[in-house]
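>>> The following comprises the amino acid sequence and a computationally predicted model.
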Amino acid sequence: MTGRKGGGALPDGLGSALVVGLGISGRAAAEKLLREGVRVTVNDISHKGEVLEAALALREMGAQCELGHHHPALLTGIDLVVVSPGVPGGTELLREARRRGIPVWSEVELAWRFVRGPVIAVTGTNGKTTTTRMVEWICRHAGIRARAAGNIGHPFVQAAEEAEEGELLVVEVSSFQLAHTQTFRPHVSVLLNVAEDHFDWHADMGEYVAAKSRIWANQRREDLVVCNLDDPACVEASRSAQARVAYFSRLREEGADVFVRDGVMLARRGRITAVAGDELVEIMRADCLPLPGGHNLENAMAAAAAAMGLGVGAAMAGEALRTFKGLSHRLELVADTGEVRFYDDSKATNPHAAMRALEAFRGPLVVIMGGRNKGLDFAEMAGALRARARRGEVKAVFLIGEAAGEIASALQGEEMPVEVMVMGGLEDVFGRLGAVLESGDTVLFTPACASFDRYANYRERGRHFQELARRFTAEVRGHE
């Protein structure tokens, strides 16, 4: 399989670059620019810990380091700014760069200049990493050289350098990264869903959707957009796409190119593969997908469509999906007493993700939520929890972290038929669980919040939950 090249390497005359933010992608971008012979200054508002270690390592490679500030004087003599996704687009340093006419790129835009094969890009509020890994899994199963990269923890720019000529890159891209792209043009772009998120970074929903929509801004008719027909915001955004659009839906057939009929996932090949006709082909039985929840069915439909857009057969895509086991901290079954199951969904960092997790289980559920709010409204999630509780599907809610009081207030907006307990942390929750749990219960840890009030990231938070769940399970079995 071959594909067009990326955006044509670096601009002529590029002598110096400023890399703002020394997270994983920022470090990778700085290293690549240094290898390309560019004079690099690295900058971060922090000046200690991992940031300091990264800066010192980059200094050894020849970079100049400026930590602890974002002073506009950093822009003197700079031809290009590369910004990490953790740095808000409204930061005065970036605004000043734009006022001076200095290009501001994300690491995604930089990486695109060095791509040597086809690219599938995946974005959305929730499900990005799972879908990215699904596409990679399907393509490898079909014999295509493929690797996942991007916002999953392996920088796109690093993968573009490592990949062989013609190798497929399946890239998870965030709204932060897309907001600072100019020429990025994936062969297949995937928009999974759009819900309120990251309002600590984006000014409002309009800006957020606009950033997501940049995934197809440079695509043309020969390219493919895969989009969620069940999400009105996605459908509306897709009207701006110049590429052909293939829709997936788990709720209806009309207008959908991938859908479920009588429990079977089907695809209309025409729009997906740009062939004449409307042939209907079978992907797989929906109940053969190993992952729980309707949201994972949506992820699978999107992944199958994306892979088919690069020539993978429908049956081959289904064969691969039947063996896909899922990822850590995403509705991951981590402990089972024989009577009670514990699921880690620490990656659910917004209310929309938590609601999708709740929908994956019939109950009875004991739900654990909380952390740091990202400027989001908990009202809709609270309404869904109350409705499930009234049907006897939620029997208790434990709240932890900075947002515990805020979620509790949202839940008590109307009468809540089950107990809502605000606790100091996960340790305190597990200290109370024994008095609540009964045979057949499911304990679901789906925070609906960021982890940064107590943990370094969602992975550390999830590992803590898993450790406590396994210890609890061992104690229960020890008393049998």
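In hand now; what should we look at?
>>> Next, give phi and psi for Asp345.
Dihedral angles of Asp345 (phi, psi; degrees, to the nearest 10) stand at phi -120, psi 40.
>>> any low-confidence regions in the protein?
Applying pLDDT under 70 to the chain flags residues 1-8, 196-204, 478-480.
>>> Could you rerun that using 50?
1-3, 198-202 (pLDDT under 50).
>>> Now do the strands for the stretch 1-150 of the chain: every range, in order, please.
16-20, 39-44, 64-67, 80-83, 104-106, 119-123, 146-150 (DSSP state E, counting those that start in this stretch).
>>> Switch those over to a markdown table; also include mean neighbour count and distance to Val170.
All C-beta spots, glycine's among them, are computed from the backbone N, C-alpha and C. Shown next, in a markdown table, are these (neighbours: other CB atoms under 10 Å; distance: least, CB to CB, whole Å):
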| stretch | mean neighbour count | distance to Val170 |
| --- | --- | --- |
| strand 16-20 | 25 | 25 |
| strand 39-44 | 24 | 28 |
| strand 64-67 | 18 | 33 |
| strand 80-83 | 26 | 22 |
| strand 104-106 | 24 | 18 |
| strand 119-123 | 29 | 5 |
| strand 146-150 | 23 | 5 |
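>>> And the residue nearest the centre of the chain?
Computing the C-alpha centroid of the chain and ranking residues by CA atoms, centre = their mean puts Lys128 first, at 3.6 Å.
>>> thinking that one is in contact with Asn151, fair?
Yes: Lys128 is in contact with Asn151 according to CB atoms under 8 Å; the separation is 6.9 Å.
>>> so what sits against both of these two?
Glu172, Val173, Ser174 (CB atoms under 8 Å, 6 or more residues apart in numbering).
>>> Counting neighbours, which of these comes out on top?
Compared across these, Val173 has the highest neighbour count, 31 neighbours, by other CB atoms under 10 Å.
>>> from memory that one sits against Gly150, does it?
Yes: if you go by CB under 8 Å, Val173 and Gly150 touch, sitting 5.5 Å apart.
>>> what about Trp137, distance to Gly309?
Counting by CB to CB, to the nearest Å, the gap from Trp137 to Gly309 is 16 Å.
>>> More neighbours: those two, which one.
Gly309 (26 against 21).
>>> that older thread, with the shared contacts of Lys128 and Asn151 in mind, which one is nearest to Gly89?
For those, the residue nearest Gly89 by CB to CB is Ser174; the value is 11.9 Å.
>>> Identify the residues contacting the closest one.
Residues counted as contacts of Ser174 (CB under 8 Å, 6+ apart) are Pro85, Thr123, Lys128, Asn151.
>>> Let's have the residues you listed in CSV, adding distance to Gly434.
Converted to CSV, the contacts of Ser174 look like this (distance: CB to CB, whole Å):
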residue, distance to Gly434
Pro85, 41
Thr123, 42
Lys128, 36
Asn151, 39
